[in-house]
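> With the sequence up front, the predicted model follows.
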Amino acid sequence: MKIRELLPFVRKMLRGRLPVTMSICMLPLLAELSFRSAEAAVYSLMLYFGRLRPAELFSGSGTFQPAVSAVSMLLRMTVTAPLIYGAAVRLTELCSEESLTPLGDVLVSRRNFRRSLTAELIKRVLGLAALLPAAFFGTAAWRMLMSGGTAGDLFMTVHAFVLTAVSLGMWAALRIGLSALPYLMAAYPERSVLRLAFTAMRLTRGRKMVLVKLAAAELPLALTVAGLPFALTRIMAGWALCISITVKEEEYNERDKAQAGVGKTGDPPELSYETAWGIPAAPDPAQAAGGRPDL
């Protein structure tokens with residue numbers, strides 16, 4: 001999936017809808033920053049009045065800092081998870097050219113709240129589980145590096161750092177795959193969230209670099225700070241369009257298997273953006289002229 005083909009369709013999809021879509025896409029980030037700022041303000045006040053020592057902010061040895069961190073995390077999840085799902089619903093409907101559901105209707109639904117919160121919990125649990133090997137190998141590599149030793153110890157230290165890098169790469173791949181979960185929840189509201197989490201990791205196989213390339217293409221605009229809302233909206237819209245096309249490929253493959261009445265078929269055909277959006281292909285010049293096409 002080429003970025004230079006994806007971005008023009010993203011701009012076309014957002015044409016005339018950019019201000020509202022940008023506002024919806026920025027809501028999760030603004031909520032996250034608000035809670036982070038409030039948490040930092042609480043820590044600053046406790047440090048100012050001497051109720052908290054600076055070392056406790058990093059060691060977690062006291063009881064106050066872990067309690068504030070846990071409460072802040074729960075509040076962030078409770079607020080940002082529905083907002084992320086609401087943005088995914090809006091972008092998915094834009095990709096499918098469906099009638100737009102008001103954001104308030106999405107947010108006030110109890111079912112949507114439960115599903116979005118469940119999705120956030122699944123992403124955090126799976127992400128933490130994938131991060132454990134990197135933490136183990138990284139700690140072991142650092143301890144061996146600090147302890148020194150023989151050439152054999154140096155050999156083991158290098159391998160531990162390599163395993164740490166590999167583990168971090170696997171964690172990043174998992175996080176990118178799970179980032180498609182809200183869009184699949186919007187496309188398949190009747191399916192269970194846990195099933196869609198594994199579906200997201202399967203469908204994004206071989207497509208994870210699309211999100212990385214989108215972020216790289218919009219990075220210069222995001223670094224201007226003022227262009228961050230535009231860049232974030234385009235990245236999210238591009239990823240939503242990529243997932244929408246992937247879902248259509250999956251549905252095409254399922255219909256093909258149902259019509260054939262056999263087991264698994266080959267890989268689904270890669271749909272072009274014109275096919276996915278229902279744009280008719282240009283007629284063959286020879287046929288349009290009434291002539292005979294070249295064989």
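Done, it's in.
> Relative to Ala55, how far out is Arg143?
21 Å (CB to CB, to the nearest Å). All C-beta spots, glycine's among them, are computed from the backbone N, C-alpha and C.
> try Cys95
For Cys95, the distance to Ala55 - CB to CB - is 49 Å.
> What are the buried residues along the helix or strand harbouring Glu93?
Assigned by DSSP states H and E, Glu93 belongs to helix 64-96. Neighbour-count burial for helix 64-96, counted by 16 or more other CB atoms under 10 Å, picks out 65, 68, 72, 76-77, 80-96.
> Who are the contact partners of the residue positioned nearest the centre of the chain?
Geometric centre of the chain, nearest residue: Ser179, 2.3 Å, by CA atoms, centre = their mean. Residues near Ser179 by CB atoms under 8 Å, 6 or more residues apart in numbering: Ala200, Leu211, Trp239.
> ditto for Ala67
Per CB under 8 Å, 6+ apart, neighbours of Ala67: none.
> re earlier: which of the contacts of Ser179 fall in helices?
Ala200, Leu211, Trp239 (DSSP state H).
> Please tell me I have it right and the last one contacts Ala180.
Yes. Counting by CB atoms under 8 Å, Trp239 sits close enough to Ala180 to count as a contact (7.3 Å).
> who has more neighbours, those two?
Ala180 (27 against 24; other CB atoms under 10 Å).
> burial count for the closest residue to the more buried one other than its chain neighbours?
Closest residue to Ala180 apart from its sequence neighbours, by CB to CB, 6 or more residues apart in numbering: Ala200 at 4.3 Å. As a burial measure, Ala200 scores 25 neighbours (other CB under 10 Å).
> now Ala200: how far from Pro182?
Ala200 is 9 Å from Pro182, by CB to CB.
> Mutual contacts of the two, please.
With CB under 8 Å, 6+ apart, Ala200 and Pro182 have no common neighbours.
> Quick check: Ala215 vs Ser244, distance?
The value you get for Ala215 to Ser244, if CB to CB is used, is 19 Å.
> what does Ala41 give?
40 Å.
> Could you check how many residues crowd around the residue lying closest to Leu91 once chain neighbours are set aside?
Leaving aside its sequence neighbours, Leu91 sits nearest to Ala240 (CB to CB, 6+ apart; 3.7 Å). The tally of other residues near Ala240 (other CB under 10 Å) stands at 28.
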